[in-house]
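Student: Predicted coordinates and the sequence they were generated for:
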Amino acid sequence: MPHDTAAEQCVLGGLMCYGELIDEWNELTAEHFFTPANATILAAIKAIRAEGGQPDLISVTQHLSSQEKLENVGGAGALAEIYSMAGPRDLSYYVNILREHVARRRMVEAGVRMAAAGRDIAQNVSEVVAEAGERILSISLDGPSQGSVHVGTVVDEAAAEIEAAIANKGKPRGLATGFRDLDVLTGGLREGQLVVVGGRPGMGKSALLINMCDRMAAAGTPVLLFSLEMPAKSIANRIVMARARANSARVRLGAISQVEAKSLGNHFFKLGDQPLYIDEARGASIMDIRGRARRDIRRHGIKAIFVDYAQLLEAKGYNTSYERVSAVSRGLKAMALELGVPVIAAAQVGRKADERTDTRPKMSDLKDSGSLEQDADIIVLLHREGYYEAGSGADSTDNQDAEMIVAKHREGQTRSFPMVWSPSCTRFDHANISRMTDEAPQPYGNQPDLHTINAVLNE
């Protein structure tokens, strides 16, 4: 296995010579030291420092002797030789060597596991491959977090964001979803955010996610949609029906005019050139989609990831739905932070809302887990009164009133927006353009004066 014994000893010698450096290089673990004796010495250095001591040659020797491990590392003479190999106080050169060898050993281990899976027909190959791929793709040569920074180092960056917002008045700083009121309220979607879109089954949460994917891709933003329910062909059909505002039932029967057919063809043609990528991820685990997302970001420059929907993702090693969805929630947030893109996930709302007089959903109604409520930066809940109406009203092909409820917004206010739901083409639209998204106000000199306003009111 790849390793460098001399580099390991130089690091240990430096830590014993300059005992306080262990605080700076606390990231070092037994995994960084291929030689077991060197890993034992590191453990002794850390234990002494944890107790407030100074891990120099004498204290390390005494500690290992008291633990009856001195002979395991080669005795006092071997420790003295390692101590003599201490180089400069700056250990970064040697620590980087250890990091590189850890990465190489992980790659070798992943390759061995995949080779073993290929030979053993009793193992689930897809699971082992996914796990090995995750292990390789998660390898990082980055060092530890730099810890605290003085606020003066970030004020320029913070001020630049505000200056950019002023210069681009009315435009979201992040990625626009195409729903203007939502974009103005949130400032657009930004890297590392987890956005949850919740709703009862059939409420339209998948439709809203697809509408967002469509609008973002149409604006030139590369997006990736993990679909755990619908095939890619059905999603493409939905997008085109929504764009053309075509009645999907009539289209499926072929009962459309030549003009409508030509319009649909044009929309299909345009969609084919836009940066929307669909992954039919049925049966996938959170580990699977993290690996696939990394690959697609490298290949296609993906800027936003959609998951439809969270409760369908698998997570190994959990016995209950609550534990599984909690693990998925943490995984989605970790993926957003790791990959530096917003992750938008649909989630089911439980039956609690159905049992209340006011059927509007709440964050606490999200099914199976409070982790979604905790981990999400933004939670959008969908509500339609027509969904609860008896008779044919719930399945009407006419446009219906709907409501987009921003129930959580970590960086700002919450509010709700009136929407229109068009079930015939599975499309959401704003019911009206709210005052937040009107055109910028006219200069003061162009505003009507008080006399004119009074005259209009009197009429």
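Tutor: Great, that's in hand. Numbering: from 1, shown residues only.

Student: Just the endpoints, please. Distance across stretch 385-404?
Tutor: 12 Å (CA to CA, to the nearest Å).

Student: Correct me if wrong: Gln123 contacts Arg113.
Tutor: No - checked against CB atoms under 8 Å, the pair Gln123 and Arg113 is beyond contact range at 9.4 Å. C-beta: built from backbone N, CA, C; applies to glycine.

Student: before we move on, which element is Val195 in?
Tutor: strand 194-199 (DSSP states H and E).

Student: Paired strands for that strand, with orientation please.
Tutor: Within its sheet, and counting by DSSP bridges, strand 194-199 is paired with strand 343-348 (parallel), strand 378-383 (parallel).

Student: What's the first helix or strand after it?
Tutor: helix 205-218.

Student: what does the average pLDDT come to for that next one?
Tutor: Helix 205-218 carries an average pLDDT of 89.

Student: Now it: buried residues?
Tutor: Buried residues in helix 205-218, counted by 16 or more other CB atoms under 10 Å: 205-218.

Student: Turn those into a markdown table, columns for distance to Pro275.
Tutor: Listed next are those as a markdown table, based on distance: CB to CB, whole Å:
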| residue | distance to Pro275 |
| --- | --- |
| Lys205 | 23 |
| Ser206 | 20 |
| Ala207 | 21 |
| Leu208 | 20 |
| Leu209 | 16 |
| Ile210 | 15 |
| Asn211 | 16 |
| Met212 | 14 |
| Cys213 | 10 |
| Asp214 | 12 |
| Arg215 | 13 |
| Met216 | 9 |
| Ala217 | 6 |
| Ala218 | 10 |
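
Student: out of those residues, which one sits closest to His300?
Tutor: Ala217 (11.4 Å; CB to CB).

Student: which regions of the protein sit below the pLDDT cut-off?
Tutor: 126-149, 153-154, 161, 164-166, 168-172, 316-317, 353, 367-370, 390-399, 432-459 (pLDDT under 70).

Student: and Leu224, how far is that from Asp181?
Tutor: 25 Å (CB to CB, to the nearest Å).

Student: still on that earlier bit, how much distance is there from the strand holding Val195 to the middle of the chain?
Tutor: Going by CA atoms, centre = their mean, to the nearest Å, the spacing between the C-alpha centre of strand 194-199 and its chain's C-alpha centre is 12 Å.

Student: same thing with stretch 195-202?
Tutor: That offset, for stretch 195-202, works out to 17 Å (CA atoms, centre = their mean).

Student: Same check on stretch 330-350?
Tutor: On CA atoms, centre = their mean, the centre of stretch 330-350 falls 4 Å from the chain's centre.

Student: Straight-line length of that stretch, end to end?
Tutor: End-to-end distance (CA to CA), stretch 330-350: 20 Å.

Student: One more: stretch 86-99?
Tutor: 19 Å.

Student: Which parts of the stretch 51-200 of the chain are helices?
Tutor: 57-66, 75-84, 92-119, 125-137, 155-167, 180-186 (DSSP state H, counting those that start in this stretch).

Student: how about the last one: buried residues?
Tutor: Of the residues in helix 180-186, those buried by neighbour count under the rule 16+ other CB under 10 Å are 180-186.

Student: Looking at these, which is nearest Leu28?
Tutor: Using CB to CB, the buried residues of helix 180-186 come closest to Leu28 at Thr186, 40.7 Å.

Student: before we move on, back to that, and which of the buried residues of helix 205-218 is nearest to Asn247?
Tutor: Ala207 (15.1 Å).

Student: what sits against the closest one?
Tutor: 238, 242, 426-428 (CB atoms under 8 Å, 6 or more residues apart in numbering).

Student: distance of it from Arg243?
Tutor: From Ala207 across to Arg243, the span is 13 Å (CB to CB).

Student: Around Cys10, count how many other residues there are.
Tutor: Using other CB atoms under 10 Å, Cys10 has 22 neighbouring residues.

Student: tell me what the host helix or strand of it is packed against?
Tutor: Under the criterion of DSSP H and E, Cys10 resides in helix 5-17. Judged by 3 or more CB pairs under 8 Å, 6 or more residues apart in numbering; DSSP states H and E, helix 5-17 is in contact with helix 21-24, helix 36-50, helix 75-84, helix 92-119.
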